[in-house]
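Chemist: Next one to model:
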Amino acid sequence: MTNKYSTSGDRSPIMENCNITVYNQLKFETVIARKNELYIPLIEESFKLIDKCKSGDLFSRLEISFMKEILQKQYKYRVDDILLSKLNDIDSLVNSFNKIDVINICGNIVVDLFTKGFIQLYGDIIDGEAPIYYDGEIVHYETVFPEEYENIRMIAYDKRLVMGVVQQSDDYVIYEDEFYNRSLVTMLEFALADRNKRYSSSRTPIIDWAGAPEYYIASLCNFDEEYSKNKEIIKKRDILKDISVLCKDISSLIDQKLKDIFERYEKE
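Modeler: Take a look at the predicted model:
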């Protein structure tokens with residue numbers, strides 16, 4: 001028969017209390033480590049992503065390095081299903097956001113606007129056709145575009161100028177009492193300038209316009225409208241909103257976990 005007052009052996013009250021103390025210490029250390037290695041970095045990355053979404057910046061890539069690490073190493077972090085689902089949703093949205101090339105979209109808009117303005121000013125955007133030969137025989141005719149068209153395609157995708165067209169609406173030049181976006185005019189002037197043409201002669205407008213051609217074309221360009229209604233741009237803005245909502249959800253979940261840890265393990 002075991003003496004309940006005995007202080008020797010593995011089942012003694014002293015040993016049991018020691019085991020409980022060791023267990024509680026290990027539990028405390030595990031919880032605090034999880035807090036520092038998982039919850040704090042995750043909530044901080046969520047806050048940064050929320051701020052990024054608020055900025056409305058469509059040009060920069062979104063980075064979620066720690067969230068991706070959690071998804072790739074779920075065997076290590078073991079987050080619950082609700083949190084895991086939200087992280088997967090954010091990862092998918094971030095991938096979609098980063099795939100949409102705003103520079104390319106804006107460049108295409110500039111080329112389209114230039115083409116329409118060039119046609120109104122000079123009548124056509126095609127200079128003719130060039131024969132394509134094979135074994136001494138003509139097999140195909142290739143459309144010949146003016147050098148101005150090739151020039152605008154060369155400069156329309158310049159990141160600095162594109163960002164100037166989109167973001168610097170207050171950076172303008174004045175021509176005959178009208179205001180024009182400086183970056184857009186720079187693109188158009190580059191495309192039309194005689195110094196950037198090797199073969200084409202100076203063109204004569206088919207309309208009554210004696211001023212610089214870049215300003216006539218610029219006067220027809222409603223870049224902001226075309227940019228704002230572009231489906232991919234709208235999609236990219238909507239993605240930012242969706243990411244922000246998910247990050248706020250994650251922040252709320254993590255904040256509650258941190259409060260629980262504080263109440264149970266850290267509160268004096």
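
Chemist: Return the distance of stretch 197-204 from the chain's centre.
Modeler: Mean-position distance between stretch 197-204 and its chain equals 39 Å (C-alpha atoms, centre = their mean, to the nearest Å).

Chemist: Please point out which parts of that stretch sit buried.
Modeler: Lys197, Arg203 (16 or more other C-beta atoms under 10 Å). Using the backbone N, CA and C atoms, a C-beta is placed for each residue, glycine as well.

Chemist: next one: stretch 143-152
Modeler: Across stretch 143-152, burial judged by 16+ other C-beta under 10 Å covers Pro146, Glu147, Glu148, Tyr149, Asn151, Ile152.

Chemist: and Leu38, backbone torsions?
Modeler: For Leu38, the backbone dihedrals (degrees, to the nearest 10) come out as phi -120, psi -60.

Chemist: measure it to Asp112 for me?
Modeler: 49 Å (C-beta to C-beta, to the nearest Å).

Chemist: Tell me which of those two has more neighbours.
Modeler: Each of Leu38 and Asp112 has its neighbours counted (other C-beta atoms under 10 Å); Leu38 has more, 19 against 13.

Chemist: got a pLDDT number for the closest residue to the more buried one other than its chain neighbours?
Modeler: Once flanking residues are discounted, Leu38 sits nearest to Tyr77: 5.6 Å by C-beta to C-beta, 6 or more residues apart in numbering. pLDDT for Tyr77: 94.

Chemist: go on, Val144?
Modeler: For Val144, the model assigns a pLDDT of 69.

Chemist: same question, Lys229
Modeler: 96.

Chemist: That one: neighbouring residues, count only.
Modeler: Lys229 - counted by other C-beta under 10 Å - has 9 other residues nearby.

Chemist: do the same with Asn95
Modeler: Neighbour count of Asn95, defined by other C-beta under 10 Å: 12.

Chemist: Repeat that for Ile254.
Modeler: 21.

Chemist: Need the nearest residue in space to it, chain neighbours excluded.
Modeler: Ile43 (4.3 Å).

Chemist: Validate this expectation: that neighbour resides in a helix.
Modeler: Yes. Looking at Ile43 with DSSP: H, G, I helix; E, B strand; the rest coil, it is inside a helix.

Chemist: just checking, it touches Ser252?
Modeler: No. Using C-beta atoms under 8 Å as the test, Ile43 is too far from Ser252 to be in contact (9.6 Å).

Chemist: Neighbour count: the two, which is higher?
Modeler: Ile43 (19 against 11).

Chemist: Quote the end-to-end distance of stretch 61-69.
Modeler: 18 Å (C-alpha to C-alpha, to the nearest Å).

Chemist: Measure how far that stretch is from the centre of its chain, please.
Modeler: 13 Å.

Chemist: what comes into contact with that stretch?
Modeler: Pro41, Leu42, Glu45, Leu49, Lys52, Leu87, Ile90, Asp91, Val94, Phe97, Asn98, Ile243 (C-beta atoms under 8 Å, 6 or more residues apart in numbering).

Chemist: give the contact list for the second one.
Modeler: Meaning Leu42. Contacts of Leu42 (C-beta under 8 Å, 6+ apart): Phe66, Met67, Ile70, Ile250, Ile254.

Chemist: switch to 6 Å and redo it
Modeler: Counting by C-beta atoms under 6 Å, 6 or more residues apart in numbering, Leu42 makes contact with Ile254.

Chemist: For the stretch 151-268 of the chain, just list every one of the helices.
Modeler: Taking DSSP state H, counting those that start in this stretch as the criterion, the stretch 151-268 of the chain contains helices spanning 159-167, 182-192, 213-220, 223-229, 231-261.

Chemist: quick revisit: would you mind putting the contacts of stretch 61-69 into CSV with distance to Ala212 and pLDDT alongside?
Modeler: Shown next, in CSV, are the contacts of stretch 61-69 (distance: C-beta to C-beta, whole Å; pLDDT from 0 to 100):
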residue, distance to Ala212, pLDDT
Pro41, 55, 96
Leu42, 55, 97
Glu45, 50, 97
Leu49, 45, 97
Lys52, 40, 96
Leu87, 54, 97
Ile90, 49, 98
Asp91, 49, 98
Val94, 44, 98
Phe97, 39, 98
Asn98, 39, 98
Ile243, 44, 98
